[in-house]
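Asks: okay, sequence plus prediction incoming.
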Amino acid sequence: MRVIIPLLFLAASLFAQAQAQVILAAQQQTLDSLRREVDALKRIKLDKANQLEKSETVRWQNRYTHNQANSEYQNETRVFEGLYSKTSDNISRAATELGALRNLATEQKEKAIAVKNDLDNFHLQIKQAIDKSVDEVQQDFPAKMEERLLYFANEPPTLETYFNDKFGRLELTQTQEFATKDSYRLRLGTIFFADVALGQSEDIRAVLRTGSLTGKVFEWRSAFSKELSAGIKQSVLNAQQGADFSWIPIDVLQTKSVLGASTGTVEQTWVQKLLGWYKLGGIVMYPLALVAFAALLIALERGFIMWRRGHISKTFTKKLHTLIKGNRIAEAKDLCKKQKTSLGRILGIIVENFTNGKEQAQKNLQEVLLTEQSKLEKRMGFLAALGTVAPLLGLLGTVTGMITLFQVITQVGTNDARILAGGISEALITTETGLIIAIPIMLFHGKLSETLDYITTEIRIQSLTLFNMLWKEE
């Protein structure tokens, strides 16, 4: 027993040692495995560290490259910004200069247009002045008129032509001339021009100013008194004989009315005076004459119609009332048919409709009343319109005459009071004529209107009286 227990202890010890060795071997293997893993991990760590170092190196290199590129970019950016700023400044300067050039071009264009318009206006004024000079030649002093007209006809209308004519006209006023062709002709500037026929003829003419609205300033006159004709003839003959001194028998400046004082007195008939007065009124006198003629015809026609159709016969009405009271309707109808007046027709309609009843008679009466009244009132409104138009036409003639007068004043000035007085008197002739025509027209119209009112009133009274006589029981 004692031997077994130690053996057991020994066996147990051996078993424990073996087990410990197994455990130790296993731990040794584990440790070796762990060492290998640690070595592997160290190698991995070393590789990772190398890789990390390489990556860090690459990162720093990339960062350096990036910083260098960024620096280059910033440098280039600063260069481009400078170029952009400079280019912007150049563009702004160029835009400013372009705007200034455009404004200058616009101003130059406007100036060119203004200059062109001024030149056009200047050429137009030249043309108007030349045309006016051509027109004034025919209204001017008659000396060398043919030569001046031929000068304008042969020469192109230029400013030189205009001034040459004006200088020639000025030279004409400062010279005198005596010529013998078919007559003795004496000219003293542009203030006296006389013509005495050669031979046995006593024809003597002289240039006088005119005060009419025709625009003519000078015209030849020959109807002088015997004393004035003899004086003009003697003055021209003295010049023909070379006398150093001779009296001119009229006011050569013609500051006074030479025409009225010098014209020989020839008695005119009232027809000649009327025609002369009519011609002085101008073109407006023609429509005024037409208005007067039309008003006269209408007034005569309306007067005849009212006398013919509007006649109110007391004998007829009394006889008709007698027949109606005697209940002789057929005779009353015949009596009304014989009448050619409006009253007879209206009363005849009432009598004819006696058998048709009161209402039918009233309807027919209204129709006939309107028809007859319209016939009597026909053209009365037109007659009144003519009475209104006549003074308006006269005023129109006055206005046109004053316009013509101012045109004449523009051409010849206001030095000659005869032009103003004569022109104004001619202009007022149309107003006078319009009033002369309008006043009788309005009087005729008033008288005809009064007669028309009387006729219509009497017709209504007589028709109502007859109406009540026929239907007095109702």
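Replies: Yep, that arrived.

Asks: in stretch 142-161, what's buried?
Replies: 142-144, 148, 151-152, 161 (16 or more other Cβ atoms under 10 Å). Just so you know, the C-beta spots here come from the backbone N, C-alpha and C atoms, and that holds for glycine as well.

Asks: ok, stretch 326-345 next?
Replies: Those would be 331-333, 335-336, 339, 341-345, for stretch 326-345 by 16+ other Cβ under 10 Å.

Asks: so which of the buried residues of stretch 142-161 are in strands?
Replies: Of those, none are assigned to strands by DSSP state E.

Asks: so which of the residues you listed comes closest to L83?
Replies: T161 (68.9 Å; Cβ to Cβ).

Asks: gap between that closest one and L124?
Replies: 16 Å (Cβ to Cβ, to the nearest Å).

Asks: packing partners of the helix or strand hosting L104?
Replies: According to DSSP states H and E, L104 maps onto helix 4-137. Packing contacts for helix 4-137, counted by 3 or more Cβ pairs under 8 Å, 6 or more residues apart in numbering; DSSP states H and E, involve helix 145-154, helix 159-173.

Asks: just to revisit the earlier point, tell me the two of the buried residues of stretch 326-345 that are most distant?
Replies: Among the buried residues of stretch 326-345, E331 and S342 lie farthest apart (Cβ to Cβ), at 21.2 Å.

Asks: all helices of the stretch 301-450 of the chain, in order?
Replies: 314-325, 329-338, 342-352, 358-377, 380-412, 417-470 (DSSP state H, counting those that start in this stretch).

Asks: can you list the domains in the chain?
Replies: 17-129, 145-266, 285-470 (automatic domain parsing).

Asks: excluding chain neighbours, what is closest to M285?
Replies: Y278 (5.5 Å; Cβ to Cβ, 6 or more residues apart in numbering).

Asks: what about that neighbour, distance to G397?
Replies: For Y278 relative to G397 (Cβ to Cβ), the value is 12 Å.

Asks: shared neighbours of these two, anything?
Replies: M285 (Cβ atoms under 8 Å, 6 or more residues apart in numbering).

Asks: which one of the two has more residues nearby?
Replies: Using other Cβ atoms under 10 Å as the criterion, Y278 and G397 rank with G397 on top: 26 against 15.

Asks: so that one sits right up against L280, yeah?
Replies: No. Using Cβ atoms under 8 Å, G397 is not in contact with L280; the gap is 10.7 Å.

Asks: name the SS class of R185, please.
Replies: strand (DSSP: H, G, I helix; E, B strand; the rest coil).

Asks: how much space between it and A197?
Replies: Taken as Cβ to Cβ, the span from R185 to A197 is 10 Å.

Asks: the two: who's more crowded?
Replies: R185 (19 against 14).

Asks: contact partners for the more buried one?
Replies: Counting by Cβ under 8 Å, 6+ apart, R185 has contacts 177-179, 193-196, 236.

Asks: mind running it again at 10 Å?
Replies: By Cβ atoms under 10 Å, 6 or more residues apart in numbering, the contact set of R185 is 143, 177-179, 193-196, 205, 236, 239-240.

Asks: which one of those sits closest to K375?
Replies: Among those, and counting by Cβ to Cβ, the member closest to K375 is R205, at 62.8 Å.

Asks: next, the angle from the helix or strand hosting the closest one to helix 380-412.
Replies: According to DSSP H and E, R205 maps onto strand 204-209. Put simply, strand 204-209 runs at 100 degrees to helix 380-412, going by axes from the mean of the first three to the mean of the last three Cα atoms, to 10 degrees.

Asks: what about dumping the CA coordinates of stretch 50-63 to CSV?
Replies: Taking Å, rounded to 0.1, in the frame of the first residue of the first chain, the C-alpha atoms of stretch 50-63 are listed here in CSV:
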residue,chain,number,x,y,z
ASN,A,50,7.4,53.3,-45.8
GLN,A,51,4.3,53.6,-47.8
LEU,A,52,3.1,56.4,-45.5
GLU,A,53,6.4,58.1,-45.8
LYS,A,54,6.2,57.8,-49.6
SER,A,55,2.6,59.0,-49.6
GLU,A,56,3.6,61.9,-47.4
THR,A,57,6.5,62.6,-49.6
VAL,A,58,4.2,62.5,-52.7
ARG,A,59,1.6,64.7,-50.8
TRP,A,60,4.2,67.3,-50.0
GLN,A,61,5.5,67.2,-53.5
ASN,A,62,1.9,67.6,-54.8
ARG,A,63,1.3,70.3,-52.3
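
Asks: what's it in contact with?
Replies: 45, 48, 66, 70.

Asks: gap between stretch 171-187 and the chain center?
Replies: 50 Å (Cα atoms, centre = their mean, to the nearest Å).

Asks: just the mean pLDDT for that stretch, thanks.
Replies: Across stretch 171-187, pLDDT averages out at 74.

Asks: end to end, how far does it reach?
Replies: 13 Å (Cα to Cα, to the nearest Å).

Asks: hang on, K233 packs against V196?
Replies: Yes. Using Cβ atoms under 10 Å, K233 makes contact with V196 at a distance of 5.1 Å.

Asks: more neighbours, these two?
Replies: V196 (23 against 18).

Asks: within the helices and strands, which one has F193?
Replies: Using DSSP H and E, F193 sits in strand 192-197.

Asks: packing partners of that strand?
Replies: strand 176-180, strand 183-188, strand 204-209, strand 218-221, helix 226-240 (3 or more Cβ pairs under 10 Å, 6 or more residues apart in numbering; DSSP states H and E).

Asks: that strand pairs with which strands?
Replies: strand 183-188 (antiparallel), strand 204-209 (antiparallel) (DSSP bridges).

Asks: contacts for that strand?
Replies: The contact list for strand 192-197, computed with Cβ under 10 Å, 6+ apart, reads 141-143, 176-177, 179, 182-188, 202-208, 218, 220, 222, 229, 232-237, 239-240, 248-254.

Asks: re the thing from before, CA atoms only: put the strand holding R205 into PDB for me.
Replies: Output in PDB follows, covering the C-alpha atoms of strand 204-209 (Å, rounded to 0.1, in the frame of the first residue of the first chain):
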ATOM      1  CA  ILE A 204     -51.400 163.700-125.400                       C
ATOM      2  CA  ARG A 205     -50.700 161.100-122.800                       C
ATOM      3  CA  ALA A 206     -49.000 161.200-119.400                       C
ATOM      4  CA  VAL A 207     -48.200 158.600-116.700                       C
ATOM      5  CA  LEU A 208     -50.100 159.100-113.500                       C
ATOM      6  CA  ARG A 209     -50.300 157.100-110.300                       C
END
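
Asks: average pLDDT across it?
Replies: Here the average pLDDT along strand 204-209 is 74.

Asks: again with stretch 289-307
Replies: Stretch 289-307 comes out at a mean pLDDT of 89.

Asks: can you list contacts of that stretch?
Replies: With Cβ under 10 Å, 6+ apart, stretch 289-307 has contacts from 278, 281, 310, 341-342, 375-380, 382-387, 389-390, 392-394, 433-434, 436-438, 440-445, 447-449, 451-452, 454-455.
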